[in-house]
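*Asks:* predicted structure and sequence below. I'll ask about it afterward.
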Amino acid sequence: MADDVGDLRFFVRLAGAGSLSAVARALNSSPAAMSRRLAALETRLGVRLVHRTTRSFDLTPEGSLFHERCLRIVEEIDEAEAEAAAGGVVPRGLLRIGVPLEIGRRRIAPLVADFVALYPKVEVHLMLSDAILDVVGDALDVVLYIGTPTEQGLITSKILSSDLLICAAPDYLARRGTPREPRDILDHDCIRLVRGRRIVDLWTFLIDGKPQDLRVSGSLTSTSAEVVHDWALAGKGVALKAYWDVAEDLASGRLVRLLTPYRRGEITLSAVYLARQHLAPRVRLFLDFIRTHLR
């Protein structure tokens, strides 16, 4: 690791400028001095950080990773200095959040807008995806994760739990009939979600007081939870959904909850972030905010 925070700031400026001559102008120095400083930094770290050319350079994979870490450290130092000068916690800087698409669009995005209105010095980049997001690989401060995270070296903090339920649209039930007991579901078109490369086709029910998995089938599968939701609303089949995704549809009658006495299942929304002794205030306050407002 570099001996001086100044080296971290230098490398952040260098990566952003894209050339030694550009960073030299920004720092009122010479390209030769910047080249010597970069060489000294690479020698200290024992790794090449950039691929040099006569006019510009590209970061090596090690340089990209080092830049990402330097950027976060410099942001936190700047934030700490601003807080000390202001005499208290003033969250500021860029907050990078990754969220599953459906709950992100329907529930988290409005809260993010409210959070920024409350803390206007915070800038938020919200990444919505049904792919499994990676805190480190996707350069995120926090990922809201559905299920059980498997990454090592990360902190997991529970945000919200919800029932998993079976539901379908009234017009589908009018055509195909309403399942009355778990095994009836085997005769229905079940809309299945794909997570990673695995189709979620084992649905758990309480049968004779014991949990039992039934393997369901159907013509429609999707990697998007939102598409599964839309297909259920359109009467294309029976879906397994989290209550937080369909609460409004159940209340309005657009969807009907099925097999309630037989369902046993819960899904958890967790916050996942890098293990640090002190969370940046913008991250900590955001987590507190969504815990308070997400219901």
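*Replies:* Structure's in. What do you need?
*Asks:* helix or strand with the lowest mean pLDDT in the chain?
*Replies:* Ranked by mean pLDDT, DSSP states H and E, the weakest helix or strand in the chain is helix 61-86, scoring a mean of 76.
*Asks:* right, and the helix or strand after it?
*Replies:* As assigned by DSSP states H and E, the chain's next helix or strand after helix 61-86 is strand 93-99.
*Asks:* give me the number of residues near R295?
*Replies:* 7 (other CB atoms under 10 Å). For every residue, glycine as well, the C-beta is placed using N, CA and C.
*Asks:* now do S161
*Replies:* Neighbours of S161 using other CB under 10 Å come to 13.
*Asks:* contacting residues for it?
*Replies:* By CB atoms under 8 Å, 6 or more residues apart in numbering, the residues touching S161 are E266, I267, T268, L269.
*Asks:* give the closest residue to the third one in space, chain neighbours not counted.
*Replies:* In space, T268 comes closest to S161 once its chain neighbours are excluded; the distance is 5.0 Å by CB to CB, 6 or more residues apart in numbering.
*Asks:* quick revisit: the contacts of S161 into CSV, with extra columns for pLDDT and neighbour count?
*Replies:* Formatted as CSV, the contacts of S161 follow (pLDDT from 0 to 100; neighbours: other CB atoms under 10 Å):
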residue, pLDDT, neighbour count
E266, 83, 10
I267, 86, 17
T268, 88, 15
L269, 90, 22
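*Asks:* now, the residues you listed that are in strands?
*Replies:* Taking DSSP state E as the definition of strands, the contacts of S161 contribute E266, I267, T268, L269.
*Asks:* list the contacts for the third one?
*Replies:* Contacts of T268 were listed using CB under 8 Å, 6+ apart, and they are I146, G147, T148, K158, I159, L160, S161, S162.
*Asks:* tell me the strands beside the top strand by length along the chain, with direction?
*Replies:* Determined from DSSP E, the single longest strand within the chain is strand 154-168. Within its sheet, and counting by DSSP bridges, strand 154-168 is paired with strand 238-242 (antiparallel), strand 256-258 (antiparallel), strand 266-274 (antiparallel).
*Asks:* any idea of the mean pLDDT for stretch 114-123?
*Replies:* Taken as a whole, stretch 114-123 has a mean pLDDT of 92.
*Asks:* buried residues of that stretch, list them for me.
*Replies:* F115, Y119, V122 (16 or more other CB atoms under 10 Å).
*Asks:* between the two ends of it, how far is it?
*Replies:* From its first residue to its last, stretch 114-123 covers 12 Å (CA to CA, to the nearest Å).
*Asks:* all helices for this structure, in order.
*Replies:* For the chain, the helices defined by DSSP state H cover 5-17, 20-26, 31-45, 61-86, 101-103, 109-118, 170-176, 225-233, 243-252, 281-293.
*Asks:* contacts for stretch 110-125, please.
*Replies:* Residues contacting stretch 110-125 (CB under 8 Å, 6+ apart): 90-97, 126, 282, 285-286, 289-290, 293-294.
*Asks:* closest to I166 out of these?
*Replies:* L294 (23.5 Å; CB to CB).
*Asks:* including distance to V200, could the ones in strands among the contacts of S161 go into a markdown table?
*Replies:* What follows is the ones in strands among the contacts of S161, written out as a markdown table (distance: CB to CB, whole Å):
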| residue | distance to V200 |
| --- | --- |
| E266 | 15 |
| I267 | 11 |
| T268 | 16 |
| L269 | 17 |
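*Asks:* ok, now which ones touch the residue nearest to the spatial centre of the chain?
*Replies:* With distances taken as CA atoms, centre = their mean, G98 lies nearest the centre of the chain, 2.3 Å away. Shown in contact with G98 (CB under 8 Å, 6+ apart): M127, S129, L133, V135, D138, L140, V142, V143, L144.
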